[in-house]
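>>> Here you go, sequence then predicted model.
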Amino acid sequence: MASRIFIDGDAGTTGLEIRERLASRADIEIVAIPAEKRKDVEAKRALLATVDVAILCLPDDAAKETVALCDALGPKAPRILDASTAHRVAPGWVYGFPELCAGQAVAIAKAPRVANVGCYATGAIALLRPLVDAGLIAPDQALAINAVSGYSGGGRQMIEAYEKGAAPAFELYALGLDHKHLPEITAYARLATRPLFVPSVGNFRQGMLVSIPLHLDALPGKPRAADLDAAYRRHYAGAPHVRVMEPPSGGRIDALALNGSDDMELFVVANEARRHTVLVARLDNLGKGASGAAVQNLDLMIGA
Ligand SMILES: NC(=O)C1=CN([C@@H]2O[C@H](COP(=O)(O)OP(=O)(O)OC[C@H]3O[C@@H](n4cnc5c(N)ncnc54)[C@H](OP(=O)(O)O)[C@@H]3O)[C@@H](O)[C@H]2O)C=CC1
Ligand SMILES: CC(=O)N[C@@H](CCC(=O)OP(=O)(O)O)C(=O)O
């Protein structure tokens, strides 16, 4: 029997992308609230009681409201996959990043409530966690993470601002140094010291790079860049959506090259003579950074 899925927030950027990815699936029945009632609490409550999984593609406060509606349904509550930031480090929720560590995909498959990983966090944790687990980065290492995203990462309002020419071509933001992805990056990369995170947004719709510069001599055991690359290859062997790449021959990495894909690529670029390296993750913020990851998690949850 097909799994019944309700996408709460299906008119938004992430919701629409998920709907498109699921539209042709015979094993999934998408159920929806008529557009004019899409924020109506009673209509939501009634539908939630009839579905297997609710996927929340809402601002954080609205996601919390829908979770409260589910709580009130008791045994009739659907399983939840929340794409917002609201529950990523909350007790009782499983973090929706199947490649995080051995056992994470199984935990997602069984979980009643899964918090889909954040877009920047996907790149940052993918780069950091295997190296922390391998003892190549110390949990208390002083780290700085840089990133650039396409403007669709900011949802409908940012998309509208860029598309009417009312936004700068490129800017750094979150310069209060307290971006909303820092709690999940710190927790799931197993860091004891909160990293610095400097995101930026540019005048292109989608695409993302997350990069972490490191002095090799500041790392435990003073490894070679090849040791970091080898740790990634061990960690991601058999992961269908993550590829460890050779360093780019021209010394450049295009942020848009994975657009339209649900995969992520990792690079270890280095100047070994200088003992410098930069770890880079490339992804589509709407693909592996959001809707592609959500479908990957949903497939685990429904056993597809
Ligand atoms: N864009 C991205 O790259 C990523 C986004 N996310 C997360 O996904 C969530 C959605 O983001 P995104 O799709 O970008 O945002 P959008 O602003 O594009 O979409 C959000 C949608 O939710 C609707 N909405 C707001 N309140 C309610 C409600 N009470 N009931 C039903 N619908 C409601 C909005 O309608 P209206 O506009 O009319 O208010 C809008 O259609 C956010 O939490 C975001 O952090 C996660 C990963 C990446
Ligand atoms: C360009 C831009 O504004 N990006 C958003 C992050 C995208 C997003 O919504 O992230 P989640 O995966 O956590 O939902 C931001 O920095 O707030």
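Yep, that arrived. Ligands and ions are numbered 1, 2, ... in the order given.
>>> could you show me where the helices are in this structure, in order?
With helices called from DSSP state H, the chain shows them at 13-22, 41-48, 60-72, 104-110, 119-133, 155-163, 182-188, 225-236, 292-302.
>>> which one of these has the most crowded surroundings?
The highest mean neighbour count among the helices of the chain, using mean count of other CB atoms under 10 Å, belongs to helix 119-133: a mean of 26. For the C-beta atoms, the positions are set from N, CA and C on the backbone; glycine is no exception.
>>> packing partners for it?
Counting contacts by 3 or more CB pairs under 8 Å, 6 or more residues apart in numbering; DSSP states H and E, the secondary-structure elements packed against helix 119-133 are strand 144-150, helix 182-188, strand 196-202, strand 208-215, helix 225-236, strand 264-271, strand 276-283.
>>> Outline the domain layout of this structure.
3-118+290-302, 119-285 (automatic domain parsing).
>>> Same list (the ones you listed) but as CSV, adding mean pLDDT.
Converted to CSV, these look like this (pLDDT from 0 to 100):
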stretch, mean pLDDT
domain 3-118+290-302, 97
domain 119-285, 98
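>>> Pipe these into JSON lines and attach distance to ligand 2 per row.
Output for the domains of the chain, formatted as JSON lines (distance: least, CB to the nearest ligand atom, whole Å):
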{"stretch": "domain 3-118+290-302", "distance to ligand 2": "3"}
{"stretch": "domain 119-285", "distance to ligand 2": "3"}
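>>> Among these, which comes closest to ligand 1?
domain 3-118+290-302 (2.0 Å; CB to the nearest ligand atom).
>>> that older thread, which one of the helices of the chain lies nearest to S200?
With respect to S200, and counting by CB to CB, the nearest of these is helix 119-133 at 10.6 Å.
>>> picking that back up, for the helices and strands packed on helix 119-133, give me JSON lines that also has distance to ligand 1.
Formatted as JSON lines, the helices and strands packed on helix 119-133 follow (distance: least, CB to the nearest ligand atom, whole Å):
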{"stretch": "strand 144-150", "distance to ligand 1": "7"}
{"stretch": "helix 182-188", "distance to ligand 1": "12"}
{"stretch": "strand 196-202", "distance to ligand 1": "11"}
{"stretch": "strand 208-215", "distance to ligand 1": "8"}
{"stretch": "helix 225-236", "distance to ligand 1": "21"}
{"stretch": "strand 264-271", "distance to ligand 1": "14"}
{"stretch": "strand 276-283", "distance to ligand 1": "10"}
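>>> Of all the ones you listed, which one is nearest A121?
Closest approach to A121 among the helices and strands packed on helix 119-133 (CB to CB): helix 182-188, 4.8 Å.
>>> quick one: contacts for the closest residue to G155 other than its chain neighbours?
Nearest non-adjacent residue to G155, counting by CB to CB, 6 or more residues apart in numbering: T13, 5.3 Å away. Taking CB atoms under 8 Å, 6 or more residues apart in numbering as the criterion, T13 is in contact with C57, S152, G155, R156, I159, L286.
>>> pretty sure the fourth one is touching G12, no?
Yes. Using CB atoms under 8 Å, R156 is in contact with G12, at 6.1 Å.
>>> which parts of the stretch 1-150 of the chain sit against ligand 1?
8-9, 11-15, 38-39, 57-60, 62, 83-85, 119 (CB under 6 Å from any ligand atom).
>>> again, only this time at 5 Å
The stretch 1-150 of the chain has residues 9, 11-14, 38-39, 57-58, 62, 83-84, 119 near ligand 1, with proximity defined as CB under 5 Å from any ligand atom.
>>> V89 contacts A187, correct?
Yes. With contact defined as CB under 8 Å, V89 reaches A187; the gap is 5.2 Å.
>>> which residues are in contact with both of these two?
By CB under 8 Å, 6+ apart, no residue touches both V89 and A187.
>>> mind listing what G118 touches?
Neighbouring residues of G118 by CB under 8 Å, 6+ apart: T85, R88, K180, H181, E184, G289.
>>> try it again with 6 Å
H181, E184 (CB atoms under 6 Å, 6 or more residues apart in numbering).
>>> The nearest residue to L136 once chain neighbours are set aside: neighbour count?
Nearest non-adjacent residue to L136, counting by CB to CB, 6+ apart: P223, 5.5 Å away. Applying other CB atoms under 10 Å, we find 20 residues neighbouring P223.
>>> Distance check, P223 against A270.
11 Å (CB to CB, to the nearest Å).
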